[in-house]
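>>> just need the structure, nothing else, for what follows:
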Amino acid sequence: MKQASVQAHAKINLTLDVTGRRPNGYHDVCMVMQSIGIHDIVTVSTGTGTQDIELTISHCDLPADSSNLAYRAAQLFLHTMNQPSDGIHIHIEKHNPIAAGLAGGSTDAAAVLVLLNTLYQTGLTQEQLMEMGLKLGADVPFCIAGGTMLSEGIGEILTPLPDAPQAFVVLCKPPVAVSTPAIYKAIDDVEIAKRPDTPAMLDALRRGDLQAVSRQLYNVMQPITAQMHPEIDDICRTMQEQGALHAIMSGSGPTVFGLFADKQQAEQAKQLLAQTYQEVFLTDFCRAGQIKQG
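Alright, predicted model coming up:
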């Protein structure tokens with residue numbers, strides 16, 4: 001039996017713009033994506049002798065069957081590589097928030113592809129793994145590569161960007177459920193009044209200017225989601241009152257993140273929000289090559 005583990009990091013959207021809708025229903029986006037320090041630990045064992053795929057998950061009650069993206073990643077890998085299974089066991093030690101707009105499922109699937117490529121010594125390049133991962137979801141290729149990237153198309157066109165200037169990141173997930181398809185449908189029915197200034201964000205990243213990066217944070221989905229769940233805007237205000245350079249929602253929500261230059265202010269914001277919300281985290285940015293050996 002062989003075994004290996006990696007850290008599977010969450011992501012946030014520094015910017016998120018929806019630029020169009022395709023005839024097949026998919027939406028074109030333009031967003032700057034950033035890996036962050038909080039992560040699951042994904043361990044894969046091969047050669048268990050069962051010829052089956054088995055998935056176990058700790059710290060949560062997610063389904064551990066073929067509806068889970070990590071399980072489907074193993075199926076896809078075996079099928080694509082024409083690799084007979086000698087028994088695969090996947091264990092996810094879950095720390096990333098679930099259904100949070102942070103690519104928690106996508107990053108676990110990405111980790112499974114990376115680990116199986118290593119354990120079966122199939123020699124796929126990162127680009128080939130990313131191409132495979134796209135079949136599972138638009139965020140999976142980014143989760144394989146990590147770091148700071150411009151994401152276009154439906155999320156599959158990725159351009160590496162300079163590393164974001166380091167910041168303290170406070171995340172807060174309110175206890176509400178957000179349907180991503182419902183948010184996209186709502187966006188189709190309104191005229192987007194404000195959009196992120198992507199060129200200005202790219203310039204701020206090139207200059208390594210955290211203040212400028214913070215000023216350019218914007219997510220076109222936030223007004224839609226916050227109309228349904230006003231606590232999202234409340235959390236943003238609280239973070240900024242506690243010293244955040246700026247705070248916005250990530251993805252389709254509901255998680256809000258704030259960028260802080262001062263660690264003490266970030267810790268105070270976390271403590272204050274934790275009095276009301278259960279899922280509050282303090283972390284930082286994570287560089288490219290985010291899936292790291294555990």
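>>> centre of the chain to the longest helix seen in the chain, how far?
Longest helix in the chain by number of residues (criterion: DSSP state H): helix 104-119. On the basis of CA atoms, centre = their mean, to the nearest Å, helix 104-119 is displaced by 14 Å from the centre of the chain it belongs to.
>>> repeat that for stretch 202-209.
22 Å.
>>> would you mark the buried spots in that stretch?
Residues 202, 204-205 are the ones in stretch 202-209 that count as buried (16 or more other CB atoms under 10 Å). Glycine gets a C-beta too; all of them are placed from N, C-alpha and C.
>>> for stretch 63-78, same thing?
Buried, per 16+ other CB under 10 Å, within stretch 63-78: 64, 68-74, 76-78.
>>> test of understanding: give the bridge partners of Ser5.
Counting by DSSP bridges, Ser5 is bridged to Thr43.
>>> Leu205: what's it in contact with?
Going by CB atoms under 8 Å, 6 or more residues apart in numbering, Leu205 touches 32, 148, 161-162, 164-165, 213.
>>> try it again with 6 Å
161-162, 164 (CB atoms under 6 Å, 6 or more residues apart in numbering).
>>> go on, Ala74?
Residues near Ala74 by CB under 6 Å, 6+ apart: 53, 88, 112.
>>> from those residues, which is closest to Leu16?
Val112 (26.0 Å; CB to CB).
>>> residue contacts, that closest one?
Contacts of Val112 (CB under 6 Å, 6+ apart): 70, 73-74, 90.
>>> try Ile224
Contacts for Ile224 (CB under 6 Å, 6+ apart) come out as 183, 186-187.
>>> swap the cut-off to 10 Å and go again
18, 178, 182-187, 189-190, 192, 249, 252-253 (CB atoms under 10 Å, 6 or more residues apart in numbering).
>>> past the strand or helix carrying it, which element shows up next along the chain?
Here Ile224 is covered by helix 222-228, with elements defined by DSSP states H and E. For helix 222-228, the following helix or strand on the C-terminal side (DSSP H and E) is helix 231-241.
>>> give the partner strands of the helix or strand just after that following helix in its sheet and their orientations.
Later in the chain than helix 231-241, the nearest helix or strand by DSSP H and E is strand 246-249. Next to strand 246-249 in the sheet, as set by DSSP bridges, lie strand 256-260 (antiparallel).
>>> now do the partner strand against helix 231-241, angle only.
Put simply, strand 256-260 runs at 10 degrees to helix 231-241, going by axes from the mean of the first three to the mean of the last three CA atoms, to 10 degrees.
>>> what mean pLDDT does strand 256-260 have?
Mean per-residue pLDDT for strand 256-260: 98.
>>> could you point out the helix or strand that follows that strand?
In the C-terminal direction, the helix or strand that comes right after strand 256-260 (DSSP H and E) is helix 263-274.
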